[in-house]
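Peer 1: Just to be clear, the model below is a prediction. Sequence and coordinates:
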Amino acid sequence: MSETAETPLNQEPNRELPPRIDIPEIKGEMVHLRPATIEDLPRLDELDAYYNASRITGKDAQAERAVAHAWVRRSVAWSQGLAASESGVGDPESRRTIAWAVLTDSDHDDDGRIDAETTDNVIGMVFLIDIDGWARSARIQVLLGKDYRGRGYSRDMMPRVMTYGFAPEPAGLGMHRIWVAVPEKNTRSLSVYQSLGFVQSGTSRDALWDAENGKYQDLIVLDTLFDEYDPIRSLDAFGMHVIEDNPGMREALAMREHSIAIQQNNRETSRETSGRSGDDTSDNDRLRDEAFARIGVELNGDDDDAAAHAADDKRETSPSAPSDTVEGDSTWPYGQSDRKPSKNAWWRNLGLSRKRDTEESR
């Protein structure tokens, strides 16, 4: 991630953000991400990326454009080792930003041409903003061109960006919390975030103006914590493959293998004491996995048919950890205990000794 050394397991993490960051490239199945540049900003205008901004983020197009330009400039400044005050747009709280350009080389309309050929393959941006080193918190936001919305691109990129955000340093940012703020009428984004494991943590009443309907609307705040987020399950819910060399994924896989070994050991101990057969246990595991696959499709709803169909493909999303990964070196915190399938919130069982009120998010 940066020029800082890895934090020992028994030492309190440094709560100062590094003066410079190396923004990694991130690979997806449908898109790939690279650090955004100032030169990418005019492409957002060409993509009509600020179209219907009031519905998607609650801002008017002019305000949305202004913040996107500020985020990119702050990201570039951080990658160059400049202080927040030297970004050209300032940041009084010194909360850094990372901006990636979203690129695709696909021809989804089968016209024989790359979809985003005229914008050098750029179809939008994804941001980690308000990165607070002291609280270990960041906010995620996606900005896509008008013609590239609703195609499943967010479902491909967001779990991978969040994996990097939560992964321990130096593999990732080492965040404790990632959050979003979504207008109440943006039901599509709410569905995506909930499928990723975000839970509603608050509501800002009448915080936004709904120009389309001429009335105020609420701003919904959702978040997820580092010991609740499961990157493997998040990808599986959308029918996406794990890409092992993405930042933070090796740590996630190593911890998953460690957790699976614990589960297997617990099952063997249980069979020895209760006399249950191995076949019964295997059947239970199969039924549980099938239930989670169904949950992923149901949570997606009708917002993205392609992602829903992909979830039925029975893809392998939990390969073994790389042979050069040492489990003891990982500080990834989540566990993989046996879960009870829950259509409303399967991810809530991923926390380590953490209880959260789920009623208000249903």
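Peer 2: Sure thing, it's come through.
Peer 1: switch to C-alpha atoms for all contacts and neighbour counts from now on
Peer 2: OK.
Peer 1: what pLDDT, on average, does stretch 133-143 get?
Peer 2: Mean per-residue pLDDT for stretch 133-143: 95.
Peer 1: Buried residues, it. List them.
Peer 2: Across stretch 133-143, burial judged by 16 or more other Cα atoms under 10 Å covers Gly133, Arg136, Ser137, Ala138, Arg139, Ile140, Gln141, Val142, Leu143.
Peer 1: Relative to Asn246, which of those residues is nearest.
Peer 2: Using Cα to Cα, Ile140 comes nearest to Asn246 of the buried residues of stretch 133-143, at 17.9 Å.
Peer 1: so what strands line up beside the helix or strand containing that closest one?
Peer 2: Using DSSP states H and E, Ile140 falls within strand 137-144. Partners of strand 137-144 in the sheet, by DSSP bridges, are strand 122-132 (antiparallel), strand 177-183 (parallel).
Peer 1: which outside residues touch the first one?
Peer 2: Outside of strand 122-132, the residues that reach it under the criterion Cα atoms under 8 Å, 6 or more residues apart in numbering are 17, 36, 40, 43-44, 47, 49, 71, 95-104, 116, 137-145, 148.
Peer 1: that older thread, could you dump the strands paired with strand 137-144 into JSON lines with mean neighbour count and distance to Asn213 added?
Peer 2: JSON lines is the format used below for the strands paired with strand 137-144 (neighbours: other Cα atoms under 10 Å; distance: least, Cα to Cα, whole Å):
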{"stretch": "strand 122-132", "mean neighbour count": "24", "distance to Asn213": "27"}
{"stretch": "strand 177-183", "mean neighbour count": "22", "distance to Asn213": "13"}
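Peer 1: Same list, those strands, but as CSV with distance to Thr163 please.
Peer 2: Conversion of the strands paired with strand 137-144 to CSV gives the following (distance: least, Cα to Cα, whole Å):
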stretch, distance to Thr163
strand 122-132, 12
strand 177-183, 11
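Peer 1: quick one, which of these is nearest to Gln264?
Peer 2: That would be, of these and by Cα to Cα, strand 177-183, which comes in at 30.2 Å.
Peer 1: Would you mind putting the CA coordinates of whatever helix or strand comes next after that closest one into CSV?
Peer 2: Using DSSP H and E, the helix or strand that follows strand 177-183 in sequence is helix 187-196. Output in CSV follows, covering the C-alpha atoms of helix 187-196 (Å, rounded to 0.1, in the frame of the first residue of the first chain):
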residue,chain,number,x,y,z
THR,A,187,-33.5,1.5,-4.6
ARG,A,188,-31.1,-0.1,-7.1
SER,A,189,-28.0,1.1,-5.2
LEU,A,190,-29.6,0.2,-1.9
SER,A,191,-30.1,-3.4,-3.2
VAL,A,192,-26.4,-3.7,-4.3
TYR,A,193,-25.1,-2.4,-1.1
GLN,A,194,-27.3,-4.6,1.0
SER,A,195,-26.2,-7.6,-1.1
LEU,A,196,-22.6,-6.7,-0.2
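Peer 1: biggest helix in the protein, by residue count?
Peer 2: Using DSSP state H, we find that the single longest helix of the chain is helix 249-274.
Peer 1: what's that one packed up against?
Peer 2: With contacts taken as 3 or more Cα pairs under 8 Å, 6 or more residues apart in numbering; DSSP states H and E, helix 249-274 sits against helix 231-237.
Peer 1: Would you mind listing where the stretch 151-300 of the chain has pLDDT under the threshold?
Peer 2: 259, 274-300 (pLDDT under 70).
Peer 1: Could you rerun that using 50?
Peer 2: For the stretch 151-300 of the chain, applying pLDDT under 50 flags the ranges 278, 280-281, 284, 287-288, 290-300.
Peer 1: next one: phi and psi at Gly152?
Peer 2: Main-chain torsions, Gly152, degrees, to the nearest 10: phi 90, psi 0.
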